[in-house]
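Peer 1: give me a model of this one.
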Amino acid sequence: MVKNMAGQGVGNLCVINIAKGDTSSDLRDKGVEKGVKETGINLLNTTYGIAAQTDMTKTIESYIAAYPELDGILLAGTYCDAALPTIEKALSDHGMAGKVKVGRIDFDFTMGEYLKNDTFHVAYGGQQQIDPLLSTVILVNRVIGTPIVEDKPFNLITNYLELTSSEEADEYLKYFLGKNAVFTPEEIKDTMIKYYDDSINEDTFKK
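Peer 2: Sure thing, here's the model as predicted:
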């Protein structure tokens, strides 16, 4: 995420993350730290554990007041409801919408609108929706006696999707949150169930 934002011209970044001590928070901090080191971005501030919209607004306003050089905000994690709209409104109220590049980890229903208006710039996420399907298919293969991987656990990493346009956001909402399945039953049978095709293996499954 930091590399992506640096590529969009961000040089001075503030980060919002969930409370310290959470595994996700710690890993995302490490990712930000690595990105800052590799890109040379100036990390101005990291704020943790924002849970209320009023606190989110106050945080953004304090960033604007304290850091006139601010040109990027990364929402690395939050449990605050309507976090992105709250950030967007705070920036808009201070004439900073579009001037400050905004990115976030995890998707929401509003991102397409802000991507279209060029006030939001990149989102990473989506793996939560595909993980249960793939985990279930791996389990089904083993239970019916045709495991994808023999004699050891099958560790599969599903990478984050990267969305940088309203069109991509619309596609995500269509296939992950709408009535359209990511994979049809026929596609699952033909490409993921080894019982029907013994050429299916770890490599074909990952592909």
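Peer 1: which stretches of this protein have low pLDDT?
Peer 2: Applying pLDDT under 70 to the chain flags residues 129, 178.
Peer 1: and residue 76, how many neighbours does it have?
Peer 2: Look at residue 76: counted by other CB atoms under 10 Å, it has 24 neighbours. (Each C-beta comes from the backbone N, C-alpha and C, glycine too.)
Peer 1: against residue 191, how distant is it?
Peer 2: In this view, residue 76 and residue 191 are 34 Å apart by CB to CB, to the nearest Å.
Peer 1: likewise residue 139?
Peer 2: Taken as CB to CB, the span from residue 139 to residue 191 is 16 Å.
Peer 1: in the protein, what residue sits furthest out from the centroid?
Peer 2: In the chain, the residue that sits farthest from the middle, by CA atoms, centre = their mean, is residue 145; the gap is 35.1 Å.
Peer 1: just say helix, strand or coil for that one.
Peer 2: coil (DSSP: H, G, I helix; E, B strand; the rest coil).
Peer 1: element containing the residue lying closest to it once chain neighbours are set aside?
Peer 2: Closest residue to residue 145 apart from its sequence neighbours, by CB to CB, 6 or more residues apart in numbering: residue 195 at 7.7 Å. For residue 195, there is no host helix or strand (DSSP states H and E).
Peer 1: is it correct that residue 195 is in contact with residue 142?
Peer 2: No. Using CB atoms under 8 Å as the test, residue 195 is too far from residue 142 to be in contact (11.1 Å).
Peer 1: which one's more surrounded, those two?
Peer 2: residue 142 (15 against 12).
Peer 1: A strand includes the more buried one, no?
Peer 2: No. Going by three-state DSSP, the assignment for residue 142 is helix, not a strand.
Peer 1: roughly how far does it sit from residue 194?
Peer 2: Distance from residue 142 to residue 194, by CB to CB: 10 Å.
Peer 1: list residues touching both of those two?
Peer 2: residue 148 (CB atoms under 8 Å, 6 or more residues apart in numbering).
Peer 1: going by neighbour count, list what's buried in the helix or strand containing residue 169.
Peer 2: In the assignment (DSSP H and E), residue 169 maps to helix 166-172. Neighbour counts over helix 166-172 (16 or more other CB atoms under 10 Å) mark 166, 168-169, 172 as buried.
Peer 1: name the helices or strands packed onto that helix?
Peer 2: helix 111-116, strand 161-163 (3 or more CB pairs under 8 Å, 6 or more residues apart in numbering; DSSP states H and E).
Peer 1: what segments of the protein are helices?
Peer 2: Along the chain, counting by DSSP state H, helices occupy 2-7, 23-39, 53-66, 83-93, 111-116, 127-143, 166-172, 185-192, 202-206.
Peer 1: tell me which of the ones you listed sits nearest to residue 158.
Peer 2: Comparison of the helices of the chain against residue 158 by CB to CB identifies helix 127-143 as nearest, at 4.6 Å.
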